[in-house]
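Undergrad: Give me the fold of what follows.
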Amino acid sequence: MNFSKSLVMLGVAASMLIGCKDTANKPTASEATQETVADAPKTPAVAAKPETAQFKIEGMTCAMGCAKTIEKRLAKMEGVQKATVDFDKKEATVEFDAAVLTPQKLYATVEATGDGATYKVAQSK
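TA: Predicted coordinates for the structure are as follows:
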């Protein structure tokens, strides 16, 4: 009887090892497509009223944490064609569509980044 149980358990274990595939780590076709679309760079639309805003940002303490975070946040805004933040100069340059955005919305986005009190916009051009 014990031999029969052992034989059955061995058969069940073998079938599980052979039958189960490691599909948990492999993305499905739809997930792979979604990841590709999400990773694709944003293609900017042609601006109806192209403008450039250049302004100083006070409160940045590092290039990677502060400047890159602000730059990414600005670049994600609808209507922004290109955003760059220079940590050394403490300056941001944003090319945007004035039909969609105003400089004040850009300033508000910068000042809302982080805890909402760290960064301040000054000397806009």
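Undergrad: per-residue confidence for the nearest residue to Gly79 once chain neighbours are set aside?
TA: Taking Cβ to Cβ, 6 or more residues apart in numbering as the measure, Gly79 lies nearest to Val100, with 3.0 Å between them; neighbours along the chain are not counted. Heads up, the C-betas are built off the backbone N, CA and C, glycines and all. pLDDT recorded at Val100 is 93.
Undergrad: so Val100 sits in a strand?
TA: No. With DSSP: H, G, I helix; E, B strand; the rest coil as the criterion, Val100 is assigned coil and is not in a strand.
Undergrad: separation between it and Ala67?
TA: 24 Å (Cβ to Cβ, to the nearest Å).
Undergrad: Settle it for me: which of those two has more neighbours?
TA: Remark: of Val100 and Ala67, Ala67 carries more neighbours, 21 against 15, as counted by other Cβ atoms under 10 Å.
Undergrad: what about the more buried one, is that helix, strand or coil?
TA: Using three-state DSSP as the criterion, the local structure at Ala67 reads helix.
Undergrad: about what we covered before: surely the residue nearest to Gly79 meets Leu106?
TA: No. With the criterion set as Cβ atoms under 8 Å, Val100 and Leu106 do not qualify as a contacting pair; they are 11.2 Å apart.
Undergrad: all helices of this protein, in order?
TA: Here the chain has its helices, by DSSP state H, at 2-19, 29-39, 68-75, 103-112.
Undergrad: Out of these, name the one with the poorest average pLDDT.
TA: Of all those, helix 29-39 carries the lowest average pLDDT, namely a mean of 47.
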